[in-house]
Each structure stands twice: as C-alpha cells, then as structure tokens.
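A.B. asks: What would the 3D arrangement of this be:
(one chain, ligands or ions: 1)
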Amino acid sequence: MFDFNAAEDDLPSSIWQLGIYDAHCHPTDNYKRLAAALDIIHISKLTIMATRLDDQVKVHDAATQYPERIVPSFGYHPWFTHLLYTSQSPPESKYLHYRSVLLPEPPKEFLDLLPDPVSLSSFIEILTENIETHKHALVGEIGIDRSFRLPKSGKLISFEESDTDDSSSISSDVANGHNSGDTKKLSPYRVKQEHQTEVLLAQLRVAAKFRRPVSVHGVQAHGVLYEIFSQLWTGYSIPTRRQKKKEKEEQKFVKVDMEGGTAQSDNDPLPFPGRICLHSYSGPPDQIKLWTNRKLPVTVYFSFSILVNSRYGDKFKQVLRAVPDDRLLVESDFHMAGKTMQALLAEIVKFVCEVKGWEIEQGVRILGTNWRRFVYGTDDL
Ligand SMILES: [Zn+2]
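C.D. replies: Numbers count the residues shown, from 1 in each chain. This is a model prediction of the structure:
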C-alpha cells in the first residue's frame, strides 16, 4: 500500500532527467499550491484535467502561466453531467431536469440541494474556446461512470485548499476519495447512462473537429465505451501504406466507400478523435485486444495509476502484460501537485517496469515516447 505520510520517491535525478510525464492529474483542485510545487517536483510535464464548470478556467490559467510544464485538458467529467441540460431551451424547472436525468427518482428534499442546471451548449462553447486557445490541449476528463452515485449533500466532490504540506498531511482516505468516494456519504442517485452519453458525444465532436486526443474515464462501462467509440469509427479504415507515405505529417484516414458514397476529402475532420487514452484502465485484460487492434483507425493508449490500479492486485499485472508496449502511459491521477504526486508517479513507473521486465531507464524512455505520441501525435517535437 502506498504510504501517503512518507511520500518520497527514490528515483535518481538522472532518471527524472530523461523525462517522466504525468498523463492524467488534477492539481487545480488545489490550485494555490501549484506554483510552489512546480519548483520542487521533477515531473517533466503534467497533463492537467478539467472536470466541471468551475475548474476549466483554472486549467486555462495554469497552462497559460506554465506552458513548459503543463499540458491542459478541458472537459466535463461524467460525475458532474447531471448539472448540464441537453435541450435547446432551459427546462421549466430544475426539478423536472433532475428527475429526467437521475435514477431512481430523487425526492424534492434532495433536489432542493442541487443548483440550477447549465446548458450543455454553453459548456461546449467554453470547451471550444479553450481548445482553440491552447494548441496542444486535450479534451478530458470525459467518459461514462455507471457506478458513481451523487453525494448525499448534493455538493460536488472537491477538495478544500489547505495550507499544510502535502507530504505530511494527506491521509490515504482523502487521497483516494477522489476516485472511490466515501460510500456512507453517497446517495442512491445515479446519472442516467443516456444522459452521460449525450454529454460525452458532444465533447467527442469537439475533439474530432480540432483533432485532439481525449482522456477517458470509464467505470463499469468498458463495453459501453467501446460501443460508443466503435460506432463513431464504423466505416473508416486505416490508410494504406501508399496513402500513409503521401500524408506522413498527419495521421489521416480514408472513409470506406460504403453505400456508393464519395470518399472523404482530406480536409474533412473525422467524426472521432484519433488518439484516445483510457485513464486508470480497470477493464478486463481481454478487452485490450479489441481497443488495440491494429486495423482500427485510432490509437488507443492505456494509462495506469497507483491510486486506482494498485487496488486490483494480480489482475492489474495481467492487464499491464496485455497492453502493447507502445500503448502504455503512467499517471498520478492526484489532486495536488507536490512530493506525493511525484512519489505516486515514481511508484507506478517502477511497477510497470517490473511487470514488463524493463530496466528503469529503458522503461522511462518508452513511456516518454508514448506520452509524446499520445499528446502531440509525434515524437519529434
Ligand atoms: Zn481523473
């Protein structure tokens, strides 16, 4: 078990200098610490996820201030999708809205606690603007979560900013709270899968339009996610070797001439993002084959964290072995930049190397190349 009270990593600085990248984290949950933490941590770049309406601007600010260290990712997490309405005009009342997106139907007392919902289309505008502003921004954290239940308090799950040092004050409960939640504090109410899907699809359209990678959250939804994505790329195939040669600079795909329609022109964006990261992947090892079939017109990466994946024991090792070497990423998934985040990343790097039978240096190089290919689409930047 990871010891949050003794969070020191033991990787030599020569290894950190090779470049270790955090593929998925949430340090804007404790925004005030970020600047000081970046001075002391050795993580080369942090891929920072936005999750809800109020942290998009924090991720934007962080990326603007520290462009060398931060790759921003903008998106709306499935845990908060009930706060969005998808209709063109606002619902007549928040009660009607929440009754239509939550299951089972909550009583009025619970709905009293929830804020007025915001329109999905207004969020998509914010997302689009951020994606246009930051040329390497990803879309995320997005996805489907079929096990998540709303907190009894009706409040969003978030972390208080505190002034104590993160290496001594974080209990593992708090640290894990972001992912597991304290079940005693949870209500029985879930967000309907169809509603989550609608919000996910709207965001995938933005990622596709701007050809950006996506960071995807999936809990008890691995089959569902595969279905959603594969429907988007049905009818598209990988380019032939000759086409590949012609269009070396960017991955482009050719639409298969299905119903006698015309082939897609090169400038039309595809209806799906070309690079996908399944973050803290907790699905079965068998499914990895589906996602990494070399005939798919997408490159799917799998990212792993100590926080989520180390709970799975032996299954985690099987999953790691099943992931092709060039599709593996590491992440902290942590909500605060600092020594703990760095130690979590060092732990997962060491664990991955051990299971894969890689020397640390070799493993760090492979993981670095994978991260650059996932984020930038190339290892040449
Ligand atoms: Zn996350």
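A.B. asks: so residue 95 makes contact with residue 111?
C.D. replies: Yes: applying Cβ atoms under 8 Å, one finds residue 95 in contact with residue 111, separated by 5.2 Å. The way it works is simple: take the backbone N, C-alpha and C, and place the C-beta from them, glycine included.
A.B. asks: Pull up the pairing partners for the longest strand seen in the chain, direction included.
C.D. replies: Identified as the longest strand of the chain according to DSSP state E is strand 138-145. Strand 138-145 sits in its sheet next to strand 70-74 (parallel), strand 214-219 (parallel), going by DSSP bridges.
A.B. asks: With respect to burial, which of those scores highest?
C.D. replies: Most buried of these, by mean neighbour count (mean count of other Cβ atoms under 10 Å): strand 70-74, with a mean of 27.
A.B. asks: Show me what the helix or strand that it is followed by is in contact with.
C.D. replies: Sequence order places strand 84-85 as the next helix or strand after strand 70-74, per DSSP states H and E. Here strand 84-85 makes contact (Cβ atoms under 8 Å, 6 or more residues apart in numbering) with 76, 91, 97, 101, 117-120, 123, 199.
A.B. asks: Which one of those is nearest to residue 133?
C.D. replies: Residue 133 lies nearest to residue 123 out of the contacts of strand 84-85, by Cβ to Cβ, at 15.7 Å.
A.B. asks: Return the alpha-carbon coordinates of the helix or strand where residue 375 lies using CSV.
C.D. replies: Taking DSSP H and E as the criterion, the element that holds residue 375 is helix 360-376. C-alpha atoms of helix 360-376 as CSV (Å, rounded to 0.1, in the frame of the first residue of the first chain):
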residue,chain,number,x,y,z
ILE,A,360,14.1,1.6,-15.3
GLU,A,361,15.9,3.8,-17.9
GLN,A,362,14.5,1.8,-20.8
GLY,A,363,11.0,1.9,-19.4
VAL,A,364,11.1,5.7,-18.8
ARG,A,365,12.2,6.2,-22.4
ILE,A,366,9.4,4.0,-23.7
LEU,A,367,6.8,5.8,-21.5
GLY,A,368,8.1,9.2,-22.5
THR,A,369,7.9,8.4,-26.2
ASN,A,370,4.3,7.0,-25.7
TRP,A,371,3.2,10.2,-23.9
ARG,A,372,4.6,12.5,-26.6
ARG,A,373,2.9,10.4,-29.3
PHE,A,374,-0.4,10.5,-27.4
VAL,A,375,-0.3,14.2,-26.7
TYR,A,376,1.4,15.6,-29.8
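A.B. asks: Pull out the buried positions in it.
C.D. replies: Applying a neighbour-count criterion of 16 or more other Cβ atoms under 10 Å, one finds 360, 363-364, 366-368, 370-375 buried in helix 360-376.
A.B. asks: For the residue nearest the centre of the chain, which residues count as its bridge partners?
C.D. replies: Geometric centre of the chain, nearest residue: residue 215, 3.1 Å, by Cα atoms, centre = their mean. For residue 215, the beta-bridge partners under DSSP bridges are residue 277.
A.B. asks: quick one: it and residue 375, what's the gap?
C.D. replies: 10 Å (Cβ to Cβ, to the nearest Å).
A.B. asks: Likewise for residue 194?
C.D. replies: Taking Cβ to Cβ, one finds residue 194 at 31 Å from residue 375.
A.B. asks: now swap in residue 123 and tell me
C.D. replies: 23 Å.
A.B. asks: Ok, residue 203 next?
C.D. replies: Relative to residue 375, and taking Cβ to Cβ, residue 203 is found at 17 Å.
A.B. asks: residues near residue 234, how many?
C.D. replies: 11 (other Cβ atoms under 10 Å).
A.B. asks: and what of residue 89?
C.D. replies: The number of residues near residue 89, taken as other Cβ under 10 Å, comes to 7.
A.B. asks: now swap in residue 230 and tell me
C.D. replies: Residues near residue 230, counting by other Cβ under 10 Å: 14.
A.B. asks: in which helix or strand would I find it?
C.D. replies: Using DSSP H and E, residue 230 falls in helix 222-233.
A.B. asks: And the buried ones among the contacts of strand 84-85, selectable in PyMOL?
C.D. replies: Restricted to buried positions by 16+ other Cβ under 10 Å, the PyMOL selection for the contacts of strand 84-85 reads:
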select buried, resi 76+91+97+101+117+119+120+123+199
